[in-house]
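Asks: Fold the following, please.
(one chain, ligands or ions: 2)
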Amino acid sequence: MINRKSKDDIKRLRHAGHIVALVHQKMKEVVEPGISTLELDAIARQVIKENRAIPTFFGYHGFPGAICASINEQVVHGIPSADVILKEGDIISIDVGATYGGFVGDSAWTYAVGKISEEKQKLMKVTEEALYAGIEKMRAGNVLDDISGAIEAVAQREGYGIVRQYGGHGVGRSMHEEPFLYNYRVGDHTLIKQGYVIAIEPMLNLGCDEVVVADDEWTVSTADKKASAHFEHTVLATDGEPMIMTKLME
Ligand code: MG
Ligand code: MG
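Replies: Ligands and ions are numbered 1, 2, ... in the order given. The predicted model follows:
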């Protein structure tokens, strides 16, 4: 069952999304060589708390952080740690969720740490482009495969790997609701309706599609150790333009 959101649901969801955007605004400021991912986690937690929201990730299936902090070849679910110190040339994907008024906003962004290689720069730019290509298709009357296909086309144009095991998802009262959204065409003709909210989140790799999970049972990395980027917004299908929930409110 896909849950259509009411006007009141959307209001609260939008507020949760705004708080998530505030966290990212702050992350953009503080990501620099020398900071640890545990420090980033504490800063994110502070922003969420100041805005009277709940860090959705903390305790989710036992996850110990408010953010997922995934560096370079790490794709998703990196655990914040005092031992992981950012250094010049790294890229870091920060994924964060905030719950406000019972609704969840979910958004991820990949940041450059100081000066990075052209190869990594392009990976970030293209993954962000893939996200917006997907968002463009989040329209009532389209099907899920339209979003998946738009993301896949951007990745294929550049010959990037597409992570297969993880993807987008419905979001609302819980972080993960139906439907699951693949980042490549699978022939899913589930109709998108007004009031659907989906977290769209391409994860693209410089190398192969394959990923492995570390011994900590969380951190997902590319099998070939090449860099990965992750961009995500929570998006509402309206009767008109797609509406991004996880951006700052004017
Ligand atoms: Mg996320
Ligand atoms: Mg998500």
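
Asks: List the contacts of the closest residue to residue 41 other than its chain neighbours.
Replies: Beyond its immediate neighbours in the sequence, the residue positioned closest to residue 41 (C-beta to C-beta, 6 or more residues apart in numbering) is residue 80, lying 3.5 Å away. Backbone N, C-alpha and C define where each C-beta goes, glycine included. By C-beta atoms under 8 Å, 6 or more residues apart in numbering, the contact list for residue 80 reads 36, 37, 38, 40, 41, 64, 65, 66, 67, 69.

Asks: repeat that for 7 Å
Replies: Residue 80 makes contacts with 37, 38, 40, 41, 65, 67, 69, as judged by C-beta atoms under 7 Å, 6 or more residues apart in numbering.

Asks: need the residues of this protein near ligand 2, please.
Replies: 106, 199 (C-beta under 5 Å from the ion).

Asks: Show me where the chain has its helices.
Replies: 7-30, 37-50, 118-136, 144-158 (DSSP state H).

Asks: quick revisit: for the contacts of residue 80, which one is nearest ligand 1?
Replies: residue 67 (9.5 Å; C-beta to the ion).

Asks: Quick check: bridge partners of the closest one?
Replies: Assessed by DSSP bridges, residue 67 has beta-bridge partners residue 96.

Asks: Could you count how many residues lie near the spatially closest residue to residue 22 that is not a sequence neighbour?
Replies: Using C-beta to C-beta, 6+ apart and skipping the chain neighbours, the partner closest in space to residue 22 is residue 47 (5.4 Å). Neighbour count for residue 47, taken as other C-beta atoms under 10 Å: 21.

Asks: Then residue 115?
Replies: Going by other C-beta under 10 Å, the residues that sit close to residue 115 add up to 9.

Asks: returning to that earlier point: the residue nearest to residue 22 reaches residue 24, doesn't it?
Replies: No: using C-beta atoms under 7 Å, residue 47 is not in contact with residue 24, being 9.4 Å away.

Asks: anything in contact with each of the two?
Replies: Common neighbours of residue 47 and residue 24, using C-beta under 7 Å, 6+ apart, do not exist here.

Asks: Show me the shaky parts of this structure.
Replies: Filtered on pLDDT under 70, the chain yields no residues whatsoever.

Asks: which bits of it sit near ligand 1?
Replies: 95, 106, 108, 232.

Asks: Nearest to ligand 2 among the residues you listed?
Replies: Distances from ligand 2 to the residues of the chain next to ligand 1, taken by C-beta to the ion, are shortest for residue 106, at 4.3 Å.

Asks: Counting neighbours, what do you get for residue 69?
Replies: Count around residue 69 with other C-beta under 10 Å applied: 27.

Asks: and residue 137, what is it in contact with?
Replies: Contacts of residue 137 (C-beta under 7 Å, 6+ apart): 146, 147, 150.

Asks: And the contacts of residue 80, which is closest to residue 9?
Replies: residue 67 (24.8 Å; C-beta to C-beta).

Asks: What is the neighbour count of the nearest residue to residue 60 once chain neighbours are set aside?
Replies: Counting by C-beta to C-beta, 6+ apart, residue 175 is the residue found nearest to residue 60 once chain neighbours are left out, at 6.8 Å. The burial count assigned to residue 175 is 18, neighbours taken as other C-beta under 10 Å.

Asks: Relative to residue 103, how far out is residue 175?
Replies: Relative to residue 103, residue 175 is positioned 10 Å away (C-beta to C-beta, to the nearest Å).

Asks: now residue 18
Replies: Taken as C-beta to C-beta, the span from residue 18 to residue 103 is 11 Å.

Asks: Next: residue 83.
Replies: Going from residue 83 to residue 103 by C-beta to C-beta gives 34 Å.

Asks: which one of those two has more residues nearby?
Replies: residue 103 (27 against 7).

Asks: quick one on the thing from earlier: closest to residue 14 among the contacts of residue 80?
Replies: Taking those together and measuring to residue 14 by C-beta to C-beta, the closest member is residue 67, at 20.9 Å.
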